[in-house]
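Colleague: have a look; sequence and predicted model below, questions after that.
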Amino acid sequence: MTYASLTDYTRADVEKQKIMARLLLESSRIHERKMEMSIKADRVCDSIQPEPENYLEDSCDESYVLSKPVLNEISLPAKFCPKCGRKYGDDENFCLECAVKLRAIKDVDISEMELNPHFEFRGENCFHEFDEILTGGNLEKIAVENFDVEDIAAKIRKIAFRRLDTAIKDSGIYLDSLSVADKILLFAKAFVDVENKSYGPELGYYKFNRIYIDDRQSDALKITTTLHELTHFLIKEIMTHVLCSIWNCTKTHKIESVAAFILSYSPITGLVDEYAAHTVEGRFTLYGFQDYSSFLSLEKTIDLDKTEIEMLKTIGNTFANIIKDILESFIDADMLDEIKGQFTKDILDRPDYTNLVYENCKLLNDEGLIEAVRLLLSEGFAVAMDNAEKLESYDEMW
Ligand SMILES: [Zn+2]
Ligand SMILES: [Zn+2]
C-alpha cells in the first residue's frame, strides 16, 4: 500500500466543495467589480465621480459569508437550579419543580479552572517498558488488527462532555454569560490542559497533553488558535487509542509517546497533522481569514509527487471531518455566529480568498481511512523501533 494507491478509496467532500465554490465565485465577482471600477476611474478624471476606493470598501462587505450576529440584550439571571439547570432571578430561593435550594451563578475565571482531563483505555496487555512495545510482533499487528476510528472519537467526545457538564455544574458557571472565547476555552479544557503564555512568536502550540495559548492576541485569534491546537491533541489522542486497540493494551504515557513520535518524526505525518488542524481551525473561522502557514512550509520539505501530497491532505481532511463533528456538538450555529462576530470585531483586514486554491476537497471512505492510518502507523512505528532513546525522552515529558 502506498499513499497514491489510497486514491481508490476517496470521494468528494461535497460540503467543503460547495463552500469553496461559493467563495471563489464571490472573490471573482469582487475582482470583476474592482476591474470595472478601475476602468471607470481611468475614463472619468473629474473629482465629482464617486471614489472608487469607497465603492470597493462597501462591495467587499458582501464577501463576509455570514452576516454579523444580532446580539440580544437579555438580563442575566443571578441564580440557577443545580438539579435541572433552570435560571432564576436574585429574589428566588428555590426551584419548586425540583424542590431544591438555588445556587448563585458565580463569576468564574475560566483560565484558572482545571478540569484534569484524561482519557483511559483499558486492555488485556500492559506494557511497562519500550522493549515490550517496540517489537516485530506489534508492527505486524498494525497491518492486520481491526480498529474503529469513528468509535474511538465518539468515546473521547462522550467522556469530555461528561467532564464539561460536571465542571459547569460544580463551579456554578452560567454558560450563556461567558464570552465566546471563554466558552471555547472551557470546552477545550474538557479535553486537554490549556495554559496562557506571554512570550515567543507563536500564537500557540501543543505539546505533551498541554496547549499553550498566547494571551496577547485578540479573542478571535485565541479561539482559532485553541481549536487548531485542540485538533493536534485530538489526533494524538485518537492515534494513541488506535494503538491501544490494535495491541489490546492499557493506555500509558509510553503508548502516548509512540503516537506522538509517529505524528512528528517526519514531514509526511506532520503534514497530515497540520493540514487537519488547519482545516478544523478554518471551518470555525470567518472565511477569508484562514491561516495556511502551518502546512505550506512543511509541504515544501516533502519529496513526494503531487498526487501523494494531495493524498496526505485528503487524509488530513478526513481527520478534520471527524474532529469537526466533535467540535460541532458544542459549537452550534449560534456559537459559530458569535465566533464570526468576534472576527468582524477584532480583525480589521479584508478577507483574502486567494489561498483557497490550496484546499483539498476530498475524503477517504471508512476502509480508506483504516488503510491510511495503518500506513501512517506502520511506517512511523518501524522508525520508532530504532529510536527507543528518543521515546524515553518523550516518556518523561507527560
Ligand atoms: Zn430545578
Ligand atoms: Zn499546527
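Modeller: On my side now, so go ahead. Ligands and ions are numbered 1, 2, ... in the order given.
Colleague: after the lowest-mean-pLDDT helix or strand in the chain, next one along is what?
Modeller: Counting by mean pLDDT, DSSP states H and E, the chain has its least confident helix or strand at helix 52-61, which shows a mean of 38. Next along the chain after helix 52-61, taking DSSP states H and E as the criterion, comes strand 79-80.
Colleague: quick check: buried residues in stretch 304-316?
Modeller: Neighbour-count burial for stretch 304-316, with 16 or more other CB atoms under 10 Å as criterion, is recorded at 304, 308-316. Quick note: C-beta positions are derived from backbone N, CA and C, even for glycine.
Colleague: just those residues now: which is nearest ligand 2?
Modeller: Closest to ligand 2 out of those is G316 (10.9 Å), distances taken as CB to the ion.
Colleague: so what's the closest one scoring on pLDDT?
Modeller: If you check G316, the pLDDT there is 97.
Colleague: who's in contact with stretch 205-218?
Modeller: With contacts defined as CB atoms under 8 Å, 6 or more residues apart in numbering, stretch 205-218 is touched by 111, 185, 188, 192-198, 200, 202-204, 222, 225-226, 229-230, 232-233, 256, 260, 346-347, 394, 397-398.
Colleague: strands along the protein, start to end?
Modeller: Along the chain, the segments classed as strands by DSSP state E run 10-12, 79-80, 87-88, 94-95, 100-101, 103-104, 193-197, 204-207, 210-214, 362-364.
Colleague: so which of the ones you listed gets nearest ligand 2?
Modeller: That would be strand 204-207 among those, by CB to the ion, at 7.2 Å.
Colleague: still on that earlier bit, mind listing which of the buried residues of stretch 304-316 are in helices?
Modeller: Cross-referencing the buried residues of stretch 304-316 against helices under DSSP state H gives 308-316.
Colleague: possible to save these as CSV with distance to P351?
Modeller: As requested, these are arranged in CSV below (distance: CB to CB, whole Å):
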residue, distance to P351
E308, 31
I309, 26
E310, 25
M311, 29
L312, 27
K313, 22
T314, 26
I315, 28
G316, 23
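Colleague: how close does the residue nearest to F261 when sequence neighbours are not counted get to ligand 1?
Modeller: Nearest non-adjacent residue to F261, counting by CB to CB, 6 or more residues apart in numbering: A384, 5.1 Å away. For A384, the distance to ligand 1 equals 52 Å [CB to the ion, to the nearest Å].
Colleague: so A384 makes contact with V258?
Modeller: Yes: counting by CB atoms under 8 Å, A384 does reach V258; the two are 5.6 Å apart.
Colleague: neighbour count for these two, which is higher?
Modeller: V258 (29 against 22; other CB atoms under 10 Å).
Colleague: quick check, that one in contact with I133.
Modeller: Yes: taking CB under 8 Å as the definition, V258 is a contact partner of I133 at 6.3 Å.
Colleague: if we can go back for a sec, nearest to ligand 1, of the ones in helices among the buried residues of stretch 304-316?
Modeller: Among those, G316 lies closest to ligand 1 (CB to the ion), at 44.7 Å.
Colleague: got the contact list for that closest one?
Modeller: Counted by CB under 8 Å, 6+ apart, G316 has contacts 271-276, 278-279, 295, 360.
Colleague: same list, the residues you listed, but as TSV with pLDDT, neighbour count and distance to A4 please.
Modeller: Listed next are the contacts of G316 as TSV, based on pLDDT from 0 to 100; neighbours: other CB atoms under 10 Å; distance: CB to CB, whole Å:
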residue	pLDDT	neighbour count	distance to A4
L271	96	23	15
V272	97	28	15
D273	97	27	20
E274	96	25	20
Y275	96	27	17
A276	97	27	20
H278	93	25	22
T279	94	26	21
F295	86	24	19
N360	93	22	15
